[in-house]
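> sharing a model prediction with you, sequence too.
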Amino acid sequence: MADRIQATPRNELLGLLADAMYGGLEYMKDPRRTQQMQGLAGLLESTGIPKTTERMAYGEDLTNINRANVPLLKPETAEALMTVAPMVGPVARGAERAAMTAGRAGERLAERVVPQIMERGGMASGLLDTFAPQPSFATAPAKKISAKQSGVANVKSKVTPITFDIGTPEGAAAFEKKYGRKPVHLMTEKQRVKEFGPAMAETPEVQLSDIRSRQQLAIPGGFDGPPMTLADQAKISAQAIDYNTLDPQLALDIHKRLVQSVDPGANPSDLELMNRLGFGITSGNAPITKNLVEWAQLRPRSSAEVSEWAGYSPVGPSGQIPGGANPMNTAINEAYGVQASGRGGTGVANTANRQYVSDLAKMMESNPDFFRRMPNEPEAQYVERLMNQVRGLGPKTGSLGFAMVEPQTSNISAIDRHIADLTREAVKANPATKAIYEQQMLNAYNLGQPKKNQRKTYAAARKLAGDNADVIEAEKFREVVSSPSSTKFIDAKTGQMRSTVPPHLANLPFYQPEFAQTIGPMYSEALSQIQQGGQKRGIGGFSNQWYDWDYQRSRAEPHAALNPMATSMKRMTPEEYKLVRDTFSQAGAMQTRKDPATGRLIPLKPTQDYRKLIYGSADPYALLGTAAAGAGGLGLLSMMQDEK
């Protein structure tokens, strides 16, 4: 189990909407918020719309049809229908009532009505911005505030909107006229290295033949070479390597090279730390390629740009921007060119709150040493320090940010839905987490049941659920596995710090949160399963999870935006990032549809011109022709000599 941990893909649009909703709810439910805001969060969550949207994103059933001893509609589905019925007209309202007792009609109604309501909510006019995790999300109606108060006045444009397509001869000519150079995908290697630096150099390739599939692969530097450059990583992406078709040892060797190539080393710079942790904050559940291209555009390239980020938010690391909306998010998106393509951007923006990146930059400038893991400091304690000071870094995102600081050796990582499913039985069986697990499951079994069907013990409730027990427990475990443990910092009676506050959280430098939060015991046990898988393969726990994610993605993912060679390299233009995004999309990197035959994502199509896939900061030139072979797999065409 532990050595084949894989991620579950989601529908991109519905997943983005669900993330936006839950991001806002998590902010509102934070113990640091007012009781009124926390209460409103509970009210909004009780509508059932966030949970129903999340289930739809994963293709899960919205009803309990063909399951005994449970209500026909899942509680959240029923609540969602009752909430939105007034918005969809009398016919839908009547159908909704009938669906409560009409079997398949309930499922059909739910699957039709909920997407309709989401669309009517204004996706086309900025619904995602509205639901994104904003500092003052609960204020309604929004209070009008000045550009200075909102932070918008602090955001200065870094780029100009896209007005032409550099994938066409006319667009390339317009680009050269505008910027005084060719687009990077049309420059020679020598020109690119001169313009962008050594990350554009190309490592000599080692030609390999897979003993299992007979595929011919070109690995820059082989397995003993230096870390890959951006050009090298693009060559890996262009070949559309699918580990599922390769000999397992060859696949593992390729993976190790990819992880090595994003490792910043034992003593990364402050700028490097800022970029790794910032990626953790901004990484939603959009397709990984979209998140990486976005961060390649947003991330600071110098200490001066870190200062720019620090200056965006008009309030401190624990403060709230006044008003009921966050126009600063939109301003930052447009300043860096990640907004929707229809508004002149690359279309890769997700809903992560940019204020939290600004908070991180403020704290990095004030006390950068806080963000370094101390000698012999347990990884979990380091992540807990971060999650108690940096909003946006919780158990999952904080673990991801840290794991990218020490990618080859880290044994901590994000627990997503699929990994929760794979580790649930181990958490259930562990004596240290058994009681916690059973109490959470008892709560889930009793939820929505009439009093006569509620049970006092886990065993009795599970027995009543019968064949549906595993479904109910899986859903609940996904919800609670990442929940942190918390304790109040200050005892209300004595005014002193409580003894339950862990020592490593006792003297936090930036502000004292109301609650001290730690990684929960169920999350810790799930992590141990990841670590066991890594031990079997001789790699770190995070590396093991990355490897298995790539099996599920059906491609080797280099994570080029985190290549340390590109850290201080100047930014490409939005036109160039847009070409990268479009090329990846054409190859299939943005799709979330599973192959029914395998249960995994559909493999990518090889990219003929790998120059269009380099996005860390710049783009090399040489042609690597690739063609999709039939039963024989991927065939490499003869290499063309670079124009030097």
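Perfect, thanks for sending it. Residues are numbered from 1 along each chain as shown.
> these two touch, right, Asp232 and Met200?
No - counting by Cβ atoms under 8 Å, Asp232 does not reach Met200; the two are 10.4 Å apart. Just so you know, the C-beta spots here come from the backbone N, C-alpha and C atoms, and that holds for glycine as well.
> when these two are compared, which one has more neighbours?
More crowded of Asp232 and Met200, by other Cβ atoms under 10 Å: Asp232, with 31 against 28.
> any idea how far Gly344 is from the more buried one?
As judged by Cβ to Cβ, to the nearest Å, Asp232 and Gly344 stand 32 Å apart.
> do the same with Ala465
53 Å.
> can you tell me how far the nearest residue to Arg299 once chain neighbours are set aside is from Asn430?
With sequence-adjacent residues excluded and distances taken as Cβ to Cβ, 6 or more residues apart in numbering, Arg299 is closest to Asn275, at 4.9 Å. In this view, Asn275 and Asn430 are 36 Å apart by Cβ to Cβ.
> ok, Ala465 and Gly344, which is more surrounded?
The residue with more neighbours, out of Ala465 and Gly344, is Ala465; 23 against 17, by other Cβ under 10 Å.
> hang on, the more buried one packs against Tyr445?
Yes - counting by Cβ under 8 Å, Tyr445 is a contact partner of Ala465 at 5.9 Å.
> now do the shared contacts for the two.
Ile472 (Cβ atoms under 8 Å, 6 or more residues apart in numbering).
> flag the shaky bits of the stretch 201-350 of the chain, pLDDT-wise.
Within the stretch 201-350 of the chain, the stretches with pLDDT under 70 are 284-285, 323-325.
> all helices for it, in order.
Along the stretch 201-350 of the chain, counting by DSSP state H, counting those that start in this stretch, helices occupy 230-238, 248-260, 270-282, 288-298, 303-312, 327-336.
> how about these, which one is nearest Lys594?
With respect to Lys594, and counting by Cβ to Cβ, the nearest of the helices of the stretch 201-350 of the chain is helix 288-298 at 15.7 Å.
> tell me the contacts of Ile288?
Contacts of Ile288 (Cβ under 8 Å, 6+ apart): Arg553, Glu557, His559.
> can you rerun that using 7 Å?
Residues in contact with Ile288 (Cβ atoms under 7 Å, 6 or more residues apart in numbering) are Glu557.
> give me the domain ranges for the protein.
12-131, 152-162+267-398, 183-262+558-636, 417-528 (automatic domain parsing).
> all strands for the stretch 101-250 of the chain, in order.
205-209, 216-220 (DSSP state E, counting those that start in this stretch).
> re earlier: out of the helices of the stretch 201-350 of the chain, which is the most enclosed?
Stretch with highest mean neighbour count among these: helix 230-238 (a mean of 28; mean count of other Cβ atoms under 10 Å).
> does anything pack onto it? Which helices or strands?
strand 216-220 (3 or more Cβ pairs under 7 Å, 6 or more residues apart in numbering; DSSP states H and E).
> quick one, the strand it packs on and helix 248-260 angle?
30 degrees (axes from the mean of the first three to the mean of the last three Cα atoms, to 10 degrees).
> pull up the pairing partners for strand 216-220, direction included.
Strands that pair with strand 216-220, judged by DSSP bridges, come out as strand 205-209 (antiparallel).
> contacts for the strand it pairs with?
Gln216, Leu217, Ala218, Ile219, Pro220, Gly222.
> which residue sits closest to the last one, ignoring its sequence neighbours?
Residue nearest to Gly222 in three dimensions, not counting chain neighbours: Val206, with 3.5 Å by Cβ to Cβ, 6+ apart.
> quick one: Thr500 from Ser302, how far?
42 Å.
> how about Asn244?
41 Å.
> the two - which one has more neighbours?
When Asn244 and Ser302 are compared on other Cβ under 10 Å, the one with more neighbours turns out to be Asn244, at 16 against 12.
> quick check: that one touching Gln552?
No - look at Asn244 against Gln552 with Cβ atoms under 7 Å: they stay out of range, at 9.3 Å.
> list residues touching both of the two?
By Cβ under 7 Å, 6+ apart, the residues touching both Asn244 and Gln552 are Arg600.
> what about the helices in the stretch 501-644 of the chain?
So, for the stretch 501-644 of the chain - with DSSP H, counting those that start in this stretch - the helices run 521-537, 541-553, 574-587.
> which of the ones you listed is buried the deepest?
Ranked by mean neighbours (mean count of other Cβ under 10 Å), these are led by helix 541-553, with a mean of 25.
> report the rounded mean pLDDT for it.
Average pLDDT, helix 541-553: 91.
> got the angle for it vs helix 521-537?
Going by the same axes, to 10 degrees, helix 541-553 makes 80 degrees with helix 521-537.
> packing partners for helix 541-553?
Other helices and strands packing on helix 541-553, by 3+ Cβ pairs under 7 Å, 6+ apart, are helix 248-260, helix 521-537.
> hmm, 6 Å instead?
If you count contacts as 3 or more Cβ pairs under 6 Å, 6 or more residues apart in numbering; DSSP states H and E, helix 541-553 packs onto helix 521-537.
> other SSEs contacting the helix it packs on?
Helix 521-537 packs on helix 417-429, helix 431-446, helix 541-553, going by 3+ Cβ pairs under 6 Å, 6+ apart.
> is it possible to get CSV of the ones you listed that adds distance to Ile602?
Shown next, in CSV, are the helices and strands packed on helix 521-537 (distance: least, Cβ to Cβ, whole Å):
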stretch, distance to Ile602
helix 417-429, 17
helix 431-446, 34
helix 541-553, 10
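> of the ones you listed, which is nearest Ala240?
Here helix 541-553 is closest among these (Cβ to Cβ), at 11.0 Å.
> the closest residue to Leu505 other than its chain neighbours and Ala420, how far apart?
Nearest residue to Leu505, sequence neighbours excluded (Cβ to Cβ, 6+ apart): Ala516, at 4.8 Å. Distance, Ala516 to Ala420, using Cβ to Cβ: 24 Å.
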